[in-house]
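**Q** Let me see the structure of the following:
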Amino acid sequence: MSNPDLKQIEQFLYREASLLDQPDLDQWMQLFTEDGSYWMPAMEGQSDPLNHISHIYEDRVMMEIRRRNFVHPRSASKEWPVRCSHLLGNIQLQNQTDSGDLVVTCNFHVIVWYREEQRVYAGTCEHHLLAEGDDYRIRHKRVDLINPEAAQRSMVIYL
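**A** Presented below is the predicted three-dimensional model:
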């Protein structure tokens, strides 16, 4: 895939959001490369996930553990339904990394209904996408909340 098609990238990001809305973590994880990671910094402008505290920083192994806990029939998260609605906008192709990944940013609003409580999250996402045939896979996803320093309730689902 030599010339990235923004419409195709948008459709990929909408598909990811739809999987999180269902929530279908089995299919969602298939969107990631084997070395994929998910990061939600706990501070604005945080430069790396290893030398600072993060809300979430997970590689594929940790994502798999969260997925298994989420779908396990005796998991505490199963006591209450999880309902999500992702809204994406301002999707932009930024650049390409030295390794050839496309860097794509977007704004998001996510409403999560969990434990009889509605939670609202908003911010920006940065996806590093690897072109694979006629599709993409996520090598890295960074989620920057507009209020990262605020105390956050338990993150039961990815944003």
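**Q** in its sheet, what does whichever strand in the chain runs longest sit against?
**A** Ranked by number of residues, the top strand in the chain under DSSP state E is strand 117-132. Partners of strand 117-132 in the sheet, by DSSP bridges, are strand 102-114 (antiparallel), strand 135-145 (antiparallel).
**Q** Gln27 sits in which helix or strand?
**A** When elements are defined using DSSP states H and E, Gln27 is found to belong to helix 25-29.
**Q** Report all helices and strands that the next helix or strand after that helix contacts.
**A** Using DSSP H and E, the next helix or strand after helix 25-29 towards the C-terminus is strand 32-41. Helices and strands touching strand 32-41, by 3 or more C-beta pairs under 8 Å, 6 or more residues apart in numbering; DSSP states H and E, are strand 54-59, helix 60-71, strand 135-145. Bear in mind the C-beta positions are built from the backbone N, C-alpha and C, glycine included.
**Q** Can you name the residues in contact with the longest one?
**A** Spelled out, that is helix 60-71. 23, 25-26, 29, 32, 34-38, 58, 75, 77, 156-157 (C-beta atoms under 8 Å, 6 or more residues apart in numbering).
**Q** hey, C-alpha coordinates of it in PDB?
**A** Presented in PDB, the C-alpha positions along helix 60-71 are these (Å, rounded to 0.1, in the frame of the first residue of the first chain):
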ATOM      1  CA  ARG A  60       0.000  -7.700  23.600                       C
ATOM      2  CA  VAL A  61       0.600  -9.900  26.700                       C
ATOM      3  CA  MET A  62      -1.100  -7.500  29.100                       C
ATOM      4  CA  MET A  63      -3.900  -6.800  26.600                       C
ATOM      5  CA  GLU A  64      -4.500 -10.500  26.400                       C
ATOM      6  CA  ILE A  65      -4.700 -10.700  30.200                       C
ATOM      7  CA  ARG A  66      -7.200  -7.900  30.300                       C
ATOM      8  CA  ARG A  67      -9.200  -9.500  27.500                       C
ATOM      9  CA  ARG A  68      -9.400 -12.800  29.300                       C
ATOM     10  CA  ASN A  69     -10.400 -11.100  32.500                       C
ATOM     11  CA  PHE A  70     -13.100  -9.100  30.700                       C
ATOM     12  CA  VAL A  71     -14.700 -12.200  29.100                       C
END
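**Q** Report the buried residues of the worst-scoring helix or strand of the chain on mean pLDDT.
**A** Taking mean pLDDT, DSSP states H and E as the measure, the chain has helix 60-71 as its least confident helix or strand, at a mean of 84. Residues of helix 60-71 classed as buried: 60, 63, 66-67, 70 (neighbour count, 16 or more other C-beta atoms under 10 Å).
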